[in-house]
Structures are given as C-alpha cells and as structure tokens.
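Asks: how would this look folded up:
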Amino acid sequence: MSDTTSAWPATGRRPSPDSSHSVLVELRGVEKSFESPAGTTAALCGVDLEVDRGEYLAIVGRSGSGKSTLLNLIAGIDRPTSGSVSVAGTAVHALGEGPLARWRGENVGVVFQFFQLMPTLTVAENVMLPMDFRGRPPARERKRRALELLDRVGIAGHADKFPATLSGGEQQRVAIARALANDPPLIVADEPTGNLDSRTAADIHRLFEELAAAGRTVIVVTHERTKDWGFSRVVQIADGLIESSSVEV
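Replies: A predicted model of the protein is given here:
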C-alpha cells in the first residue's frame, strides 16, 4: 500500500460518489450531548459520515474527542441527541428498544478492548451465545458453526477451554469469532488491540482486513498508529467534529 494519501472533505463525505459505491452506514447532522451535574457536554457536533460496504475504516483522535461515542451510535448502542443514523437502509436512531436490540443482534458484531468473554462458558459456548440470544440457527447447528468460526480465526483447538486459559490475542480472536456468529454485515471494534503486543495486534488487524476484503464493513476506533495496518480510510475526529478523512491510494 502506498504512502500517498488523498484527502476527503472534513465531513467524511466522498467528493463525487458514483454507482460503484454502495453505502452501508450514513450519518447526517449527528449531535450527541451528555448531561451531568456540571452541565451539558457536547460529544459530537453535527457529524456527517458515509461508510461503504467492504471498507476497513479507522476512527482516530485523542481521548475525549468523541470517537467511541461515534462508534456507539453507528452500532446502535447509544442514540443521537439529534440527527440521523442509517445502516443498510434502516433508520437506527428511530428504532424502539426491542426492535433496536433485535436489529443490533442481526446486523452488528461488536469487539471490545477487554474481550468481554463469559468466564464460566467455554470458548465455543461464548461464540454460540449470540446465536442463542437470536434463536438461530437451530440449536443442533450452533456448535458446528461456532467451531467453523473458531477455525476461521485460527483457534479451533481451544474450543473446549475456558477464556482464562488463553492469551490476550487468543481471547480477542474468540471475541472476533463471537462477533461473526450471526453473520452481520458490520463489525465495530473499540480499541481492539489496546492490550495486545505489537505482533499480536498486527495479526488482529490482518484478520480484520481479510474480513473487509470478504465484503464486511469493519470500523475500528484506535489510539494507535494506522500506517501499515491495512485501513482503506482513516477518519480523524477532534472536539466532536470530523477534522479530516483520508484514503491510501
């Protein structure tokens, strides 16, 4: 991948969309404020953003810049104070709590920095958990699918172990397999390699890049360097606004 970058407008919109693009995520005029005893804090201030299917997108910025808030709104974990969030044509911001939970279970896989695996469940059972919540596929097929996903991320041999017996990198691979359990079109990850050594982090980014190349949209919030991680685009956010958007060419 070349070191040359081409800048997009700070809104995160493309300069001239064409029919070869297929937008999966679209944010328009998104604002998010939080209330506290000290008053109102604006986390996002009128963000516009489009993300294509198959993009491997990095959202970067300093602590408190609004990047994790932006990721949570895209994933339907939080709601905007104003503006619209659309994913695959669904107005996520307008869904009620029940429909939102069902939508998220079917359309979004979430990968956390600290893995968030259930310690009393085996690795395979952790991967099966989203299938159990969704009620699909049939119960007799869930273990087989879990093993296929664990094989895909390279740790099928650990299926019957408990998370505590695995290394950090192995646990994150389990978390990625779990995120893929319901075959979602969108994967979001908040600082997924923040607790991993550089070699293991490179392996995780390579796996994300492969998922994007296979057609999934992968959005990663990170404090880390983005050069050489294979991102198709990097969005810089500061003080709740998109400051820049650049793509390697």
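
Asks: CA atoms for contacts and neighbours, from now on please.
Replies: Fine.

Asks: and the residue nearest the centre of the chain, what is it in contact with?
Replies: Centroid-nearest residue in the chain, with Cα atoms, centre = their mean: residue 188, separated by 0.6 Å. Neighbouring residues of residue 188 by Cα atoms under 8 Å, 6 or more residues apart in numbering: 71, 75, 108, 109, 110, 111, 218, 219, 220.

Asks: Name whatever forms a beta bridge with the third one.
Replies: Beta bridges link residue 108 to residue 186 when assigned by DSSP bridges.

Asks: Give me the distance between it and residue 123.
Replies: According to Cα to Cα, to the nearest Å, residue 108 stands 20 Å off from residue 123.

Asks: ok, now the first one?
Replies: Here the distance between residue 71 and residue 123 works out to 26 Å (Cα to Cα).

Asks: ok, the two, which is more surrounded?
Replies: Neighbours were counted for residue 71 and for residue 123 using other Cα atoms under 10 Å; residue 123 has more, 30 against 19.

Asks: Now do the contacts for that one.
Replies: Contacts for residue 123 (Cα under 8 Å, 6+ apart) come out as 158, 159, 160, 161, 162, 163, 174.

Asks: could I get the residues you listed as TSV with distance to residue 97 and pLDDT?
Replies: TSV is the format used below for these (distance: Cα to Cα, whole Å; pLDDT from 0 to 100):
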residue	distance to residue 97	pLDDT
158	35	97
159	33	97
160	34	97
161	35	97
162	32	98
163	31	97
174	28	96
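
Asks: Would you list the buried entries among those?
Replies: When those are checked for burial by 16 or more other Cα atoms under 10 Å, the buried set is 158, 159, 162, 163, 174.

Asks: Please look at residue 86 and residue 93 and confirm they touch.
Replies: Yes - between residue 86 and residue 93 a contact is recorded at 7.4 Å, counting by Cα atoms under 8 Å.

Asks: Helices of the protein, residue ranges please.
Replies: 67-74, 97-107, 123-134, 139-152, 168-179, 198-213 (DSSP state H).

Asks: right, and these - which one's nearest residue 82?
Replies: helix 67-74 (11.3 Å; Cα to Cα).

Asks: Count residues in the vicinity of residue 182, would you?
Replies: As a burial measure, residue 182 scores 23 neighbours (other Cα under 10 Å).

Asks: separation between the residue lying closest to residue 173 once chain neighbours are set aside and residue 108?
Replies: Excluding the flanking residues, the one nearest residue 173 by Cα to Cα, 6 or more residues apart in numbering is residue 153, at 6.0 Å. Distance of residue 153 to residue 108, computed by Cα to Cα: 18 Å.

Asks: Tell me which of these two has more neighbours.
Replies: With neighbours defined as other Cα under 10 Å, residue 153 and residue 108 compare such that residue 108 has more, 23 against 18.

Asks: from memory that one sits against residue 186, does it?
Replies: Yes - contact criterion Cα under 8 Å: residue 108 and residue 186 qualify, at 5.0 Å.

Asks: what about the closest residue to residue 25 other than its chain neighbours, how many neighbours?
Replies: Residue nearest to residue 25 in three dimensions, not counting chain neighbours: residue 87, with 4.5 Å by Cα to Cα, 6+ apart. Residue 87 is flanked by 22 other residues according to other Cα under 10 Å.
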